[in-house]
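Engineer: Kindly generate the corresponding structure for this input.
(2 chains)
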Amino acid sequence: MHHSIEVTNLSYSYPDGHQALREVSLSIQPGEKVALVGPNGAGKSTLILHLNGILMGQGSVCVCGLEARKENFGRLRAMVGMVFQSPEDQLFSPTVYDDVAFGPLYQGLPPDEVRCRVDEALASVRMSDYAGRVSHHLSVGEKKRIAIATVLSMKPEVLVLDEPTAGLDPRSRRSLIRLLRELPLTMLASTHDMLMVRELFPRMVIMDEGRVVVDGQTAELMQDVALLEAHGLERPG
Amino acid sequence: MHVHFLDPYRPRRSPVHSLDPRVKLVLAIAFLFSVALTPPGAWPVYLLLLSLVLSVEVLSELGVRYVLKRSLLALPFVLAALPVIFTAQGAPALELTIGPWTLTITQPGLERFISIAFKSWISVQAAVVLAASTSFPDLLLAMRAIRVPRLLVAIFSLMWRYLFVLVDEVLRLLRARTARSGNTGDPALKTGGSLAWRARVAGGMAGSLFLRAIERSDRIYMAMVSRGYDGEVRAMPMPELRPSHWVVLLSGFILLALLLLISYLF
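Structural biologist: Coordinates of the predicted model:
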C-alpha cells in the first residue's frame, strides 16, 4: 500500500529569494486526517501548493503514488482536492452550478456524469438548493461549502484545505467541522483553529520557519504548552 | 505569494538616483519635448540626443543593456507611424505592387518614418531611466510639486497601490483554476473542454474580478472617509530645491535648448 502523501526533503525559495521551505519531510497514510499548524509565514500554504504541482521545489513530492512531475500534474490535480483559504478565489464562475461543474467538465466527463457529480457534491455539502444561485451573493459560510463542493465533484482521493474555518461564524464553523468529519477522505488542513484541530485531527504537524518542527499525536502535543508557545500557538482552553 | 515584477524601480546609489525627483521629472519632460520638436532628418542632433540619454544611463549605473532592453517596449508603437512611408509627398523611392494596388514609398516618407522611430526609441529610453531611478512615491510627490492636477495624481497613486493587489488576486484566481484542471487518466476522455467553454470560464473570471475590484474600491473609499477624506488629497510640502539641483536643472535646460537651436539652424 502506498502512502497517500509522501513529501521528502522538500525545499522551496520564492523568486524574490525568500526561502519558504527547508528540507520538509512528511508522510500521510490513506484515510488519515492531519492538521498543519504554525505561525503565519511558517510555510504551511507553500507546502500545500506543492501537493498538486502549483509550486515546484527541490525534493520529492508523491501523492497517491504519483510523483509531482509535469507529466503527472493533470492526474494530480484530479486526485488532490484543494480548497483555498478564500472562497472568493475558488468561485470564479457566474453560478454555483458552473463552479461545481468546472472540474468534471475540464476532465471531459460526459454531460450526464457531470450532472450526477454536481448533484452529489452539492448534496454532500447540503447545498443542493443553491445550484442556480450566483456565488457572489452568498454568505462566507455558504461560499466555503460551495468551495468544498467544487473539489468534491472531482472525486478526489485527498482533500487539502487552507485555513478552512477562517472568517466563519460559530454556526458555519460548527457545520463545516461536522462536514469535514463525515467526509471519508485523506485530509490535510492548514489552520490556526486549535479547537478544531483537537476535535477533528488526531495527528498534528507543527511547522515554523519553513521546517517541520514536530509531528505527533494531537492529544499529546496539546499537553506541551511550552512547545506550543514556542511556535506561536496556544493550547485551546 | 506576491508579485514584484511590475515595479520598474531599481535602487542604486548613483548621482541620477540621488537627484531630486522634481528635477528629474522636469528634465525628463523637457527632454521628451525637445526630442519631439526636433525636425525630421536632423540626424546629427539625434545622435547628440542619443549620446545624452546614453550618458545619463551610464551615470545612473542601471546598465545600458537593461535600459535598451526595456526600451524595446517602444517597438510596437512605431508601427503606428508606418503609413507615413506611403502618405508623405515627395520623390518616389520604391513602388510595391500588391494585386490591384500600387504602394509608393517616398523618400521624405521614409526619412520621416525613420526619424519617428528613432525619436520614440530615444524618448522611451529617457522614460525608462526616469522610472528606474525614481521610486514611484517620489515621482508622485514630484508630479504634485509641479502642479499636475491633484485628482490625477491621487488616481495614479491609488492605481499604483492597488495594481499589485489586483494582480495578486488574478494570480490566486488562476491558481484556483489550475488546481481543479485535472484529468482522470482515462485516455478516452478529452480534457480541457471546448474552446467556447474555456472562453466562458475566463469571461466569468474576468467578471468576478471586476465585481471584486468595485467592491474593494467601495471598501477603500469607506475607509478613507472614516479617516476624514473629503475629496482633497493633502501631502507634506516638499523641501526647497538645493542650489546644486538648480544648477543641474538649468544646465539641462540650456543644453536641450542648444540642441534644439542646432537642429533648426543646420
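
Engineer: Find me the pLDDT at B:Gly228, would you?
Structural biologist: B:Gly228 is assigned 69 on the pLDDT scale.

Engineer: ok, now A:Asn52?
Structural biologist: Per-residue confidence (pLDDT) for A:Asn52: 89.

Engineer: Name the nearest residue to it, ignoring sequence neighbours.
Structural biologist: A:Val80 (4.3 Å; CB to CB, 6 or more residues apart in numbering or on different chains). For the C-beta atoms, the positions are set from N, CA and C on the backbone; glycine is no exception.

Engineer: which residues of chain A score low on pLDDT?
Structural biologist: Scanning chain A with the threshold set as pLDDT under 70 gives A:1-3.

Engineer: can you map out the helices along it?
Structural biologist: Secondary structure of chain A (DSSP state H): helices located at A:44-50, A:73-79, A:87-90, A:96-106, A:111-124, A:140-152, A:170-182, A:194-200, A:218-221, A:225-230.

Engineer: Could you list the residues in contact with the fifth one?
Structural biologist: By CB atoms under 8 Å, 6 or more residues apart in numbering or on different chains, the surrounding residues in contact with helix A:111-124 are A:96-97, A:100-101, A:104-105, A:109, A:128, A:130-131, A:149-150, A:152-155, A:179, A:182-183.

Engineer: Those: which ones sit near chain B?
Structural biologist: On the criterion CB under 8 Å from any CB of the partner chain, A:105, A:109, A:150, A:154 are the entries of the contacts of helix A:111-124 that sit beside chain B.

Engineer: check contacts around the second one.
Structural biologist: For A:Leu109, the contact set (CB under 8 Å, 6+ apart) comprises A:117, B:184, B:189.

Engineer: Disregarding flanking residues, what is the spatial nearest neighbour of the residue of chain A found nearest chain B?
Structural biologist: Residue of chain A nearest chain B, by CB to the nearest CB: A:Ala78 (2.8 Å). Computed as CB to CB, 6+ apart, the closest residue to A:Ala78 that is not its neighbour in sequence is B:Gly182, at 2.8 Å.

Engineer: hang on, that neighbour packs against A:Met79?
Structural biologist: Yes - between B:Gly182 and A:Met79 there is a contact under CB atoms under 8 Å: 7.2 Å.

Engineer: quick one, what contacts the closest residue to B:His17 other than its chain neighbours?
Structural biologist: The shortest distance from B:His17 to any non-neighbouring residue, by CB to CB, 6+ apart, is to B:Ser133 (4.9 Å). With contact taken as CB under 8 Å, 6+ apart, B:Ser133 is in contact with B:9-10, B:12, B:14, B:16-17, B:19, B:24, B:60, B:62.

Engineer: Now do B:Ser133 against A:Asp208, distance only.
Structural biologist: Distance, B:Ser133 to A:Asp208, using CB to CB, to the nearest Å: 40 Å.

Engineer: same thing with B:Phe136?
Structural biologist: Counting by CB to CB - B:Phe136 and A:Asp208 are separated by 35 Å.

Engineer: Looking at these two, which is more packed in?
Structural biologist: More neighbours surround A:Asp208 than the other of B:Phe136 and A:Asp208, with 19 against 15 (other CB atoms under 10 Å in any protein chain shown).

Engineer: what is the more buried one paired to in the beta sheet?
Structural biologist: Beta bridges link A:Asp208 to A:Arg211, judged by DSSP bridges.

Engineer: residues contacting it?
Structural biologist: A:38-39, A:42, A:231-232.

Engineer: Mark which of those are buried, thanks.
Structural biologist: Neighbour-count burial (16 or more other CB atoms under 10 Å in any protein chain shown) is assigned, among those, to A:38, A:42, A:231.

Engineer: If you drop the residues flanking it in sequence, what lies closest to the last one?
Structural biologist: Read it as A:His231. Distances taken as CB to CB, 6+ apart place A:Asp208 nearest to A:His231, at 4.6 Å, with adjacent residues excluded.

Engineer: what's the answer for the first one, then?
Structural biologist: Excluding the flanking residues, the one nearest A:Gly38 by CB to CB, 6+ apart is A:Met207, at 3.8 Å.

Engineer: Would you report the backbone torsion angles of the closest residue to chain A within the stretch 101-250 of chain B?
Structural biologist: Of all residues in the stretch 101-250 of chain B, B:Gly182 sits closest to chain A, at 2.8 Å by CB to the nearest CB. Main-chain torsions, B:Gly182, degrees, to the nearest 10: phi -110, psi 180.

Engineer: tell me the contacts of it?
Structural biologist: Applying CB under 8 Å, 6+ apart, we find B:Gly182 in contact with A:74-79, A:103, A:106-107, A:154, B:191.
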